[in-house]
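> Sequence below, structure please.
(chains A and B)
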Amino acid sequence: MSQSDSLSARYRSQVAELTGALDANDEAAFRSAFERLRAQLNVEFNPELKRITADAQSALRRFREQARLEVLADQEVPDARRRLAHVVKLTEEAAHRTLDLVDQSTPLIDRMSLEAAQLLEEWGLHGSRQLAVATLWPERAYESLERAVRDAERVRRFLSQMLLAQGYQDLSGQIINAVIRLVTELEMVLGQLVVLAHGEDTRRMPALKLEEMQAAASEFSRGVGPQVPGTASGEALGSQEDIDALIASVAAGN
Amino acid sequence: MSSNMKILVVDDFSTMRRIVKGLLNELGYSDITEADDGNTALPLLKNGAFDFLITDWNMPGMPGLDLLKAVRADAKLGKLPVLMLTAEAKREQIIEAAQAGVSGYVIKPFTAATLKEKIDKILASKAAA
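Residues are numbered from 1 along each chain as shown, chains lettered A, B, ... in the order given. Predicted coordinates:
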């Protein structure tokens, strides 16, 4: 039996009854035929509807019973976000402490260098190093002063390099802040999922502004932060020389 | 002009502002003001008679690229030397910055020598113009 035959066998007589009642303008007969047709449709479609509904309820129940999801949404993901923010704060404090020490050390080394240089100069006023050593200071003291001037210059260079090395805090901070933004977004999505699983009214919740967040994140002018090996961050130039060459070529083209 | 130059350093990380300020001090520049993004930098620039701008790119509020464009679009500030000091290293970003009129572009992490070289080069080309 084809599908159309089956359809015809099942519904032709009922549709005929409906048409007959309409032609006769018999409302009671029409309603009665309509109810029979509806009952027939219910008999045919209800099992499928019941199965789908049961599957959905079962899935929702399993989802609700996933206590892990709630722990993640309520505790662990927000904790992860706070931990990352704390790391940024700690590294920032450590970098500032190092910069404070560099700031405090620089004038000390400058003074040491200056005083040693002045002593050497005064020594020079005595006419010669040999005379100065013979009359005023031992040879060892003279050499020590010369070394102090040289070492002070080296320490000053080291301090300058220590100052620059603290730039890691800016770079690592930018990378961690990008992860914090991602974790915050994940936290919002998980929160919404938990609310949905409990069948609560989501209309009172703040709307998820994912599209807005994604648009903001991908906005070109905002930048993407430091390059991280192994991540999809697009084509990046590796050296200052490459950048200089690119800037020069664009400038030449303008 | 050089050592008396009035410089504005813009970066959202206070550590980086201190580092740049420290390096500029070593290079002999002492008149340095700080701002933490383009929104705070722009009013300072408009009212402060600055000679040189060093800015990061990736900042909350107004990013460095928008600050650069705002500077170039301003009749009074249009010719201000702008050095971008940033971790943004993608080719299209650098092209965009160059087309927006950046005077120099230094990638983080950087060295004191690179910073000095770029500042000197920008000042030399400004003097020649």
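
> CA atoms for contacts and neighbours, from now on please.
OK.

> For the helix or strand hosting residue B:92, give me every contacting residue.
Remark: residue B:92 resides in helix B:91-99, with elements defined by DSSP states H and E. Outside of helix B:91-99, the residues within contact range by C-alpha atoms under 8 Å, 6 or more residues apart in numbering or on different chains are A:220, A:223, A:235-237, A:243, A:246-247, A:250-251, A:254, B:65, B:88, B:105.

> The following helix or strand past it and chain A, any residue contact?
Remark: after helix B:91-99, the chain's next helix or strand is strand B:104-107, criterion DSSP H and E. Yes. Residues of strand B:104-107 contacting chain A under C-alpha under 8 Å from any C-alpha of the partner chain: B:104, B:105, B:106, B:107.

> circling back: may I ask which of the contacts of helix B:91-99 comes out lowest in pLDDT?
In terms of pLDDT, the least confident member of the contacts of helix B:91-99 is residue A:254, at 65.

> picking that back up, between the contacts of helix B:91-99, which is nearest residue B:22?
Taking C-alpha to C-alpha as the measure, residue B:22 lies nearest residue B:105 of the contacts of helix B:91-99, at 19.3 Å.

> Next, count neighbours for the closest residue to chain A within chain B.
With C-alpha to the nearest C-alpha, the shortest gap between chain B and chain A falls at residue B:90, namely 4.0 Å. Neighbouring residues of residue B:90 were enumerated by other C-alpha atoms under 10 Å in any protein chain shown; the total is 21.

> Kindly report the residues of the stretch 151-254 of chain A close to chain B.
Counting by C-alpha under 8 Å from any C-alpha, the positions of the stretch 151-254 of chain A adjacent to chain B are A:160, A:163-164, A:166-171, A:220-227, A:234-240, A:243-244, A:246-247, A:250-251, A:254.

> picking up where we left off before, just the buried positions in the helix holding residue B:92, please.
Within helix B:91-99, the residues that qualify as buried are B:91, B:93, B:94, B:95, B:96, B:97, B:98, counting by 16 or more other C-alpha atoms under 10 Å in any protein chain shown.

> And for stretch B:43-50?
Counting neighbours by 16+ other C-alpha under 10 Å, the buried set in stretch B:43-50 is B:44, B:45, B:50.

> what pLDDT, on average, does it get?
Across stretch B:43-50, pLDDT averages out at 94.

> Same check on stretch A:90-107?
When pLDDT is averaged over stretch A:90-107, the result is 93.

> picking that back up, test my guess that the residue of chain B closest to chain A contacts residue A:236.
Yes. Counting by C-alpha atoms under 8 Å, a contact exists between residue B:90 and residue A:236, whose distance comes to 4.0 Å.

> Nearest residue to residue B:78 in space, please, no chain neighbours.
In space, and not counting its chain neighbours, residue B:78 is closest to residue B:72: 4.2 Å by C-alpha to C-alpha, 6 or more residues apart in numbering or on different chains.

> Would you confirm that that neighbour belongs to a helix?
Yes. Assessed with DSSP: H, G, I helix; E, B strand; the rest coil, residue B:72 lies in a helix.

> Now do the same contact list for it.
B:78, B:79, B:80, B:100, B:101.

> quick check, nearest of the residues you listed to residue B:26?
When those are compared for distance to residue B:26 (C-alpha to C-alpha), residue B:80 comes out closest, at 22.7 Å.

> Give me the secondary structure label for that closest one.
Each residue gets one of three states, and residue B:80 gets coil by three-state DSSP.

> for the one 5 residues further on, same thing?
Following three-state DSSP, residue B:85 is assigned to strand.

> burial count for it?
23.

> which residues of chain A score low on pLDDT?
Scanning chain A with the threshold set as pLDDT under 70 gives A:1-5, A:126-130, A:132-136, A:199-219, A:232-234, A:254.

> for chain B, what spans make up the helices?
If you assign secondary structure with DSSP state H, the helices in chain B sit at B:14-26, B:38-48, B:64-73, B:91-99, B:112-128.

> export the ones you listed to CSV and tack on distance to residue A:34?
Supplementary listing: the helices of chain B in CSV, determined by distance: least, C-alpha to C-alpha, whole Å:
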stretch, distance to residue A:34
helix B:14-26, 77
helix B:38-48, 70
helix B:64-73, 68
helix B:91-99, 68
helix B:112-128, 86
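
> What's the local residue count around residue A:53?
The tally of other residues near residue A:53 (other C-alpha under 10 Å) stands at 12.

> Now name the helix or strand holding it.
Element membership of residue A:53 [criterion: DSSP H and E] is helix A:27-65.

> Figure out how far that helix is from the centre of its chain.
On the basis of C-alpha atoms, centre = their mean, to the nearest Å, helix A:27-65 sits 46 Å off its chain's mean C-alpha point.

> Now that helix: buried residues?
Using 16+ other C-alpha under 10 Å as the burial criterion, the residues of helix A:27-65 that qualify are A:29, A:30, A:33, A:34, A:37, A:60, A:63, A:64.
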